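K.L.:
prediction below, plus the sequence it came from.
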Amino acid sequence: MRTFTILTLLILTLRISAQVPDFFSNNPEWRQSTGCGAGTSCVEEEEYVYYLNGDSTIGDFTYKKVFKHGILEQKWYNSPPIPTSCDSSWTFNHFHALVRQEEARIYIKQWDFPEALLYDFELAVGDTLPITWNQWYEDIVVLSIDSLLVGNHYRKVFNLTVQSSPQLIEGIGHAGGFIEPFPPTLECGHFLICYAVNDTTYYPNYGDPCDLNIGVPPQVKTNKIKTYPNPTTKTVTVEFGNPGVINNVYAFNIEGQKRVLTFEQENQASIKIDVSELRKGLYIIQLNDNEGVIFKLKGNYLAAPKLLKRNILLCLL
């Protein structure tokens with residue numbers, strides 16, 4: 001009888017752990033960064049957060065409202081003079097889409113378009129990804145499945161045959177974002193910086209800060225920096241106001257793939273980075289100081305070090 005009871009409890013435990021988690025409970029947030037230059041004379045850079053706020057019932061379905069909150073900056077990366085249309089920025093906080101969960105599937109409804117499948121996480125090894133709202137390829141296959149612990153539930157991590165975006169994460173999305181194209185488009189660079197639940201970051205690094213304060217004056221001094229030439233083909237020089245010794249420099253392409261770059265530090269406020277072996281495209285460049293802290297570079301400004309990751313958006317011709 002005791003053995004039967006233990007087996008019953010074990011089976012119940014396994015069933016509970018195998019249940020599909022509620023992807024939209026406990027205040028999930030997706031912090032992202034995007035840079036697009038297609039069809040415009042300048043690059044538009046966005047840093048923003050997707051968050052849920054309220055419900056909306058349409059017909060037989062109840063959706064979660066997805067809002068987008070962040071800052072958009074228009075940047076000119078060619079030679080001066082800078083067009084006035086490419087030297088502006090503004091903040092935004094607006095409704096973006098409706099989403100709902102059905103078992104392990106996520107559906108999206110945006111503007112006046114009919115509801116569409118956003119993700120189907122009911123996948124097994126050997127399955128082919130279905131065509132969805134943000135995925136249009138017919139030959140992406142699941143190679144293997146890992147897991148990621150988020151709160152009290154494990155999320156499936158699908159390893160895929162496509163090299164540009166090798167993973168799809170249950171309830172989270174991919175390295176390029178939550179609603180963004182998968183795999184990413186060539187015209188834009190999309191990056192999922194972090195995913196958090198109840199203000200705790202679970203992806204890509206557990207516990208790292210994932211907040212984005214927009215419209216709040218920073219409490220640290222910022223310094224004007226120079227990044228030139230940009231666009232470039234061989235080298236790029238970064239001059240920054242906060243002196244420091246750089247240990248490592250990394251490049252991330254629009255698919256989130258990481259590559260170590262060689263560099264020369266000319267002095268404690270300037271480095272020259274070799275990018276000659278990178279392919280054409282948009283990249284985010286990260287600089288690590290001698291204490292293992294990452295300088296967070298973005299556009300033409302450098303925040304004080306020892307805070308958060310900051311990036312340079314670099315274009316290679």
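P.N.:
In hand now; what should we look at?

K.L.:
tell me the pLDDT of Tyr202.
P.N.:
Turning to Tyr202, the model gives it a pLDDT of 93.

K.L.:
can you classify it by secondary structure?
P.N.:
When classified by DSSP: H, G, I helix; E, B strand; the rest coil, Tyr202 comes out as strand.

K.L.:
surely it and Ala196 touch.
P.N.:
Yes: counting by C-beta atoms under 8 Å, Tyr202 does reach Ala196; the two are 6.8 Å apart. From N, CA and C alone the C-beta is placed, and that goes for glycine too.

K.L.:
now Ile193. Nearest residue, chain neighbours left out?
P.N.:
Excluding its sequence neighbours, the residue lying closest to Ile193 (C-beta to C-beta, 6 or more residues apart in numbering) is Arg31, at 4.6 Å.

K.L.:
how about Leu148?
P.N.:
Distances taken as C-beta to C-beta, 6+ apart place Arg155 nearest to Leu148, at 4.8 Å, with adjacent residues excluded.

K.L.:
that neighbour: helix or strand, and which one exactly?
P.N.:
Taking DSSP states H and E as the definition, one finds Arg155 inside strand 153-160.

K.L.:
mean confidence score for the next helix or strand after that strand?
P.N.:
For strand 153-160, the succeeding helix or strand toward the C-terminus, using DSSP H and E, is strand 167-169. The average pLDDT for strand 167-169 rounds to 93.

K.L.:
now do strand 167-169: which elements does it pack against?
P.N.:
Using 3 or more C-beta pairs under 8 Å, 6 or more residues apart in numbering; DSSP states H and E as the contact test, the elements touching strand 167-169 are strand 153-160.

K.L.:
what sits up against the strand it packs on?
P.N.:
17, 19, 21, 121, 123, 129, 140-149, 166-172 (C-beta atoms under 8 Å, 6 or more residues apart in numbering).

K.L.:
that one: which residues count as buried?
P.N.:
153, 155-158, 160 (16 or more other C-beta atoms under 10 Å).

K.L.:
circling back to that earlier point, show the buried residues in the contacts of strand 153-160.
P.N.:
Neighbour counting by 16+ other C-beta under 10 Å classes 21, 121, 123, 129, 140, 142, 148, 166-172 among those as buried.
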